[in-house]
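K.L.:
Can you look at this prediction? I've put the sequence above it.
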Amino acid sequence: MVGDGRRRAFEMMPNKKSSPIRHLRRYGGCRLYDPETRAYLAPEDLHRLIRRGVRVSVREVDTGQDVTDEVVPPDLQ
């Protein structure tokens, strides 16, 4: 039974799929827009997404600059 040992080792390996990144846009006045849902997000909505395990990336619309660290609180990163 040569194959059994390999199969068991494979079955015991954790299945780690990385969650896709949700790309958000930040407009003037710190408004966050989610193009996937076509809706603006309140800070509570953003926190809810992150707590569910959704990874987010936030870009400033005017400059294209990554502002994720400014928007996402450190305790949720």
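P.N.:
Looks like it came in fine. The model shown is predicted, which means the values in this text are computed figures rather than measured ones.
K.L.:
Would you state the helices of this structure in chain order?
P.N.:
Using DSSP state H, the helices of the chain run over 2-12, 43-51, 68-71.
K.L.:
From residue 29, how far off is the residue nearest the centre of the chain?
P.N.:
Centroid check for the chain by CA atoms, centre = their mean gives residue 55 as the closest residue, at 1.1 Å. Distance, residue 55 to residue 29, by CB to CB, to the nearest Å: 25 Å. The way it works is simple: take the backbone N, C-alpha and C, and place the C-beta from them, glycine included.
K.L.:
ok, now residue 51?
P.N.:
In terms of CB to CB, residue 51 sits 24 Å off from residue 29.
K.L.:
So those two - more neighbours on which side?
P.N.:
Using other CB atoms under 10 Å, the more surrounded residue of residue 51 and residue 29 is residue 51, with 9 against 5.
K.L.:
Chain neighbours aside, what residue packs nearest to the more buried one?
P.N.:
Excluding the flanking residues, the one nearest residue 51 by CB to CB, 6 or more residues apart in numbering is residue 76, at 7.1 Å.
K.L.:
ok, the one you found to residue 47 distance?
P.N.:
6 Å.
K.L.:
more neighbours, these two?
P.N.:
More neighbours surround residue 47 than the other of residue 76 and residue 47, with 15 against 11 (other CB under 10 Å).
K.L.:
Quick one, grab the pLDDT at that one.
P.N.:
Looking at residue 47, its pLDDT is 92.
K.L.:
Which residues are in contact with it?
P.N.:
73, 76 (CB atoms under 8 Å, 6 or more residues apart in numbering).
K.L.:
What is the end-to-end distance of stretch 24-35?
P.N.:
7 Å (CA to CA, to the nearest Å).
K.L.:
Average the pLDDT values over that stretch and round to the nearest integer.
P.N.:
93.
K.L.:
Great, nothing more from me.
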